[in-house]
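> turn this into a structure:
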Amino acid sequence: MRHLRKSKFGILAIAAACFLLLVGYKEQTIRVHYTKDMVSVAHRGASHFAPENTRAAFQKSVELNADFLECDVHVSKDGELIIMHDDKIDRTTNGSGFIKEFTLDELKQLDAGASFSKEFKGEQILTLNELIDEFYDQIGLLIELKNPKLYPGIEEKIASLLGEYDDLSSIIVQSFDIDSMKKMSVLLPNLQVAVLIHPKDSLLSAAKLDDLASFASYINFNVSFLNKKTVERVHDRGAKVFVWSKKDKNIIAKAHKYNVDGIITDFSNWPYEELIYLAQE
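As a prediction, this is how the structure comes out:
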C-alpha cells in the first residue's frame, strides 16, 4: 500500500508539472500574440549582440526580424555623414577626439568593434550613404540627428541623400531638436519625421501638441515620463508614439498599457523573448 501511495503521489506530481508547463506555454503564447503588432526598433542596431551603430549590429537586427533599425548621424571634417552615437570617437573606437575633427579616410582606419568583443575586431565606422545603400530594401530606417546645431547644413545633406530614393515610406528621421525636424519636413514633405521629447518636457500643452503634430508623424517619449492620456492626445492628432527607456524594466507592460505604436530597444526581437535590453538614449 505504501508503494502504491508513492506511485500515486508520483503520478500526481508529474500531472501537476505537465499542467504548469501547459499553463506557462499558454501564457507565453498569449503574450507573444499581444505584442506582435507593435513595431520593434533595434536601437543602434541589435546593439546587445554586436557593436552599436556598426554593420554587424544592423545585420543582426535584420536577422532578428526587427521592423526598424535605429542609427545616429554626425558629420566628419570633410562633410561626410557618419554613423555614431557620441560626438566623440573615444567610447566605441580605438581613437580619441571629436568626429568633426577627422576626415572619412581617417575615421575608416579606426576599429569600431574590438572594444565590444574580440569577435568584432576590425569592424569599421559606416557612413549613412553606406548604411542606406545596403539596408534600404531590407528593413525600416530610423535616422537620428544627434546634435544638428553642431553641424550647420546637416538637414540639407540628409535631404539630398534621401532625395535620391523614390519611396521614403520605410524611413523616419528624428531628433530632440524640434527646429531641425521642422526643417526636414519642409525639405522633404514626403518624409516621416519624429520628435524626441526630453523627460523634462513630457508634460505637453494642447497647443504644443498641435504644433508638433502639424509636421511630425511621430512624437516619441521616454516611457517613464509618459501616461496613457498623453498617448491618446497624440493619437487624436493623427501622430504615433514610440517609447524608449534607460532603466524602466516595465517598458513592455507600460507600452501595452499606454497603447503606444512601437518600442526602441537594444534587443530587436523583444516580442519573442523574455529578456529585454533597454535603449540608452
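
> drop to CA atoms for contacts and neighbour counts, all remaining ones
Will do.

> ramachandran coordinates for residue 242?
Main-chain dihedrals, residue 242, degrees, to the nearest 10: phi -110, psi 150.

> what segments of the stretch 101-250 of the chain are strands?
Here the stretch 101-250 of the chain has its strands, by DSSP state E, counting those that start in this stretch, at 140-145, 171-175, 192-196, 218-222, 242-244.

> out of these, nearest to residue 94?
For residue 94, the closest of the strands of the stretch 101-250 of the chain is strand 140-145, at 23.4 Å, according to Cα to Cα.

> what's the domain layout of this structure?
Taking automatic domain parsing as the criterion, the chain consists of the domains 1-35, 38-272.

> state the mean pLDDT of the first one.
Summarised as a single mean, pLDDT over domain 1-35 is 39.

> with stretch 44-63 instead?
Averaged over stretch 44-63, pLDDT sits at 94.

> one step back: could you dump the strands of the stretch 101-250 of the chain to CSV with mean pLDDT and mean neighbour count?
Shown next, in CSV, are these (pLDDT from 0 to 100; neighbours: other Cα atoms under 10 Å):
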stretch, mean pLDDT, mean neighbour count
strand 140-145, 98, 23
strand 171-175, 98, 22
strand 192-196, 98, 25
strand 218-222, 97, 24
strand 242-244, 95, 25
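
> surely residue 46 and residue 58 touch.
Yes: between residue 46 and residue 58 a contact is recorded at 6.3 Å, counting by Cα atoms under 8 Å.

> hey, what's in contact with both of those two?
Between them, residue 46 and residue 58 share these contacting residues under Cα atoms under 8 Å, 6 or more residues apart in numbering: residue 69.

> need phi/psi at residue 245.
Dihedral angles for residue 245 - degrees, to the nearest 10 - are phi -160, psi 140.

> that one and residue 265, how far apart?
With distances taken as Cα to Cα, to the nearest Å, residue 245 is found 8 Å from residue 265.

> neighbour count for those two, which is higher?
residue 265 (30 against 21; other Cα atoms under 10 Å).
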